[in-house]
Each structure stands twice: as structure tokens, then as C-alpha cells.
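**Q** Quick check, what structure comes out for this input:
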Amino acid sequence: MAAFHEQPPGLEKGDTMGVVVVAAGSSSRMGGVDKIFAPVLGAPLIAYALDVLEAFPPVTEIVLVLDQGSLEQGSSLVRERAYRKVSRVCAGGPRRQDSVRCGLESLNPCDWVIIHDGARPCLDRPMLRRGLKAARKSGASAAGVPVKDTIKVVSPRRLVTDTPSRARLWAAQTPQVFRYDLLLEAHQNCAQTVTDDAALVESMGHPVRMFRGSYENLKVTTPEDLAVAE
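**A** Below is the predicted model:
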């Protein structure tokens with residue numbers, strides 16, 4: 001494993017990097033279980049991503065964004081697992097992008113920021129390094145994988161209206177990596193509702209570079225997903 005004195009791709013000497021781990025969803029498809037704290041091989045789901053980010057040397061600070069009702073449980077987790085880089089546990093907003101903005105505004109000023117979904121436990125260091133390298137080229141990058149299935153565009157009446165070629169289709173994931181000032185500007189200036197931070201940056205006309213995530217980098221949304229994650 002490379003030592004941190006070997007400057008990671010994407011970072012200049014002296015650059016600082018913050019992280020927003022967003023986990024403020026309602027877990028509506030989990031049958032009443034709060035997926036973020038659901039046990040996976042003996043540890044809470046959220047702990048897996050936090051462990052990797054805590055141990056990633058370029059990261060200087062982490063803000064954890066949770067549902068209002070989970071703040072105490074999140075703070076207890078931070079203490080129990082002795083996360084030194086988690087500076088704050090804060091409440092999210094009504095939309096995912098509102099939650100991310102709360103996290104961004106809670107970070108100390110930094111050069112780069114990683115946005116990661118707390119419900120994606122299969123994060124690893126090589127993926128983070130690929131994200132930094134890709135972001136360095138354009139200021140914004142997003143993890144993703146080429147789609148395997150045939151994709152259908154469907155009308156409100158469930159009639160197929162188009163079958164786009166898979167050749168240029170990727171499924172977006174997190175982590176996503178940005179210049180901090182670029183992402184904050186996107187959040188401040190874009191009023192439309194989007195499903196990821198890359199879309200906010202795209203709405204400004206700024207290029208986002210896709211880097212290879214992993215087919216194993218699943219997002220836990222149903223009880224069945226917990227078994228797959230294990």
C-alpha cells in the first residue's frame with residue numbers, strides 16, 4: 001500500500017479534502033428498519049464507508065448527515081468507533097441535495113470534497129484514488145459502471161417509447177469528487193431537484209468525468225440488499 005508521502009493522483013501538495021457522507025433518507029423500502037444502522041457482519045452498515053474514509057490519508061474532515069431522528073445514534077457511533085475525522089453529525093433536509101448542502105456548509109474550507117452515500121458500504125481505497133485522478137482533469141468526477149441490461153424509455157402508460165443503445169450508458173454511483181467551491185456554487189445556484197451532485201454541476205454546463213466504480217458498489221435500499229452486501 002502506498003504511503004501518503006507519495007502524493008495521491010489528483011492532489012497537489014497542501015491540498016485539503018473534506019467528505020460529506022449523506023445518509024438522511026427515510027429507508028421507506030426497508031420495512032421499518034433504519035438501513036443505515038442495520039447490522040452487516042456485526043457492524044452497522046454506515047460504519048463500512050466511514051472506516052474507509054477515516055483511513056484514507058488525503059481526507060482531513062468528514063461530516064455525517066443523518067435524519068433528525070438518528071442524530072443521537074450517529075453521534076454514539078462516532079464515539080464508539082473513535083472516528084477522529086468526523087467533525088460533525090448534522091441533520092439533513094427534505095431532499096437529498098438539501099442534505100448534501102447542509103454537509104457542505106458544515107465543512108471547514110477545503111480544496112476538494114467527496115460526496116458518498118452512506119448506504120453504499122462497499123467503498124474501497126482504489127476507487128477513491130480513481131475519483132481523485134479523474135476530478136483533477138475537470139474539477140468534477142463521478143463513479144459509475146457501464147449498464148449491462150437493455151434500457152427502455154417508458155411512457156406514463158408504461159408503453160416503450162425508445163430503446164437507447166447501451167454503448168454510452170453508465171449507471172452513476174458514489175463516491176463523487178469535486179472542487180469544493182464548484183460544488184457549493186452548484187448547490188447555491190441550481191433550484192431544480194436532481195438525484196445526484198454530478199447533475200447539479202452538469203446544470204451549470206461544467207464537464208463531469210466518469211470514472212470506474214464497481215458492480216459490487218451497491219446501494220442498500222431493500223432488505224434483500226443487506227444480504228447481498230454481506
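
**Q** how about the helix or strand where Gln97 lies as CSV, C-alpha atoms only?
**A** Under the criterion of DSSP states H and E, Gln97 resides in helix 96-106. This file holds the C-alpha atoms of helix 96-106, laid out as CSV (Å, rounded to 0.1, in the frame of the first residue of the first chain):
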residue,chain,number,x,y,z
ARG,A,96,-31.0,14.6,-0.9
GLN,A,97,-29.4,17.7,-2.3
ASP,A,98,-30.6,19.7,0.7
SER,A,99,-28.9,17.2,2.9
VAL,A,100,-25.6,17.4,0.9
ARG,A,101,-25.7,21.2,1.1
CYS,A,102,-26.1,21.0,4.9
GLY,A,103,-23.0,18.9,4.9
LEU,A,104,-21.0,21.1,2.6
GLU,A,105,-21.8,24.2,4.7
SER,A,106,-20.7,22.3,7.8
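
**Q** other SSEs contacting it?
**A** In terms of contacts (3 or more CB pairs under 8 Å, 6 or more residues apart in numbering; DSSP states H and E), helix 96-106 is packed against strand 17-23, strand 59-66, strand 86-91, strand 112-117, helix 180-189, helix 197-203. (C-beta placed from N, C-alpha, C; glycine too.)

**Q** make it 6 Å
**A** Helix 96-106 sits against strand 17-23, strand 59-66, strand 86-91, with contacts defined as 3 or more CB pairs under 6 Å, 6 or more residues apart in numbering; DSSP states H and E.

**Q** buried stuff in that helix?
**A** Residues of helix 96-106 classed as buried by neighbour count (16 or more other CB atoms under 10 Å): Arg96, Gln97, Ser99, Val100, Arg101, Cys102, Gly103, Leu104, Ser106.

**Q** re earlier: let me know which of the helices and strands packed on helix 96-106 is tucked in deepest.
**A** strand 17-23 (a mean of 26; mean count of other CB atoms under 10 Å).

**Q** Give the pairing partners of that one; include direction for each.
**A** strand 59-66 (parallel), strand 112-117 (parallel) (DSSP bridges).

**Q** I'd like those strands written out as TSV, with distance to Leu128 and mean pLDDT added.
**A** Converted to TSV, these look like this (distance: least, CB to CB, whole Å; pLDDT from 0 to 100):
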stretch	distance to Leu128	mean pLDDT
strand 59-66	9	97
strand 112-117	7	98
